[in-house]
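pasted the sequence and its predicted model underneath.
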Amino acid sequence: MTRGFTLVEVVVVLAILGITAAAVVPALGRIAPDDELTRTARRLDALLTSAQRTALERAVPVEVAFVPELDRYWIRLGDSVMLDSGAISGETAVRLWSTAARPRVRFGPHGIVDADSLALLGPSGAAAVTIDRWTGALHVQH
């Protein structure tokens, strides 16, 4: 008599392992809390998405201006109307950096974007922030 497992037993065990892995793997992403850099990137993404949406809805240029050393931003509609302002990161350990003294992101009324280069610097490293000129999609590369 030979010892071993039948094909049915092996298939049943593999099916149980597959079901367990499918239930556990999505939960693993929620175990580690977001770091400051990731939270700031999400906040920046929401801020720029809102500005782009406003430009498209109202069919006017919208400009987001940053003052990195003060951790502040301002959103202007057209040439003069101030829509919003506030803190960029909300995190004391993360700051915005740019080659421009006062970096700006301009959304045209048709969705085209003109932006200065931006980076986020934090305790866990740095992240380059790129904005697609045609779609306005924000990409953060850690």
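Structure received.

where's the closest residue to residue 129 other than its chain neighbours relative to residue 135, distance?
Once flanking residues are discounted, residue 129 sits nearest to residue 118: 4.1 Å by C-beta to C-beta, 6 or more residues apart in numbering. The C-beta positions use only the backbone N, C-alpha and C, and glycine is treated the same way. If you measure residue 118 against residue 135 using C-beta to C-beta, to the nearest Å, the figure is 17 Å.

okay, these two: which has more neighbours?
residue 118 (24 against 11; other C-beta atoms under 10 Å).

got the contact list for that one?
For residue 118, the contacting residues are 44, 66, 96, 97, 98, 103, 105, 128, 129, 131, by C-beta atoms under 8 Å, 6 or more residues apart in numbering.

please repeat the previous calculation with a cut-off of 7 Å.
96, 98, 103, 129 (C-beta atoms under 7 Å, 6 or more residues apart in numbering).

for residue 95, same thing?
When contacts are counted by C-beta under 7 Å, 6+ apart, residue 95 touches 68, 71, 89, 121.

go again with 8 Å.
For residue 95, the contacting residues are 68, 71, 89, 120, 121, 122, taking C-beta under 8 Å, 6+ apart as the criterion.

out of those, which end up buried?
Neighbour-count burial (16 or more other C-beta atoms under 10 Å) is assigned, among those, to 68, 71, 89, 120, 122.

need those residues in CSV with secondary structure, can you?
Supplementary listing: the buried ones among the contacts of residue 95 in CSV, determined by DSSP: H, G, I helix; E, B strand; the rest coil:
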residue, secondary structure
68, helix
71, coil
89, coil
120, strand
122, strand
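
among the residues you listed, which two are most distant?
68 and 122 (13.2 Å; C-beta to C-beta).

poorly predicted segments of the protein, please.
Judged by pLDDT under 70, the chain has its weakly predicted residues at 1, 27-33, 91.

that one: helices as residue ranges?
Secondary structure of the chain, counting by DSSP state H: helices at 7-28, 36-58.

what's in contact with the longest one?
This means helix 36-58. Outside helix 36-58, the residues touching it (C-beta under 8 Å, 6+ apart) are 34, 61-64, 73, 75, 77, 83, 88-91, 93-94, 96, 105, 107-111, 113, 118, 120, 122-125, 127, 129, 131, 136, 138, 140, 142.
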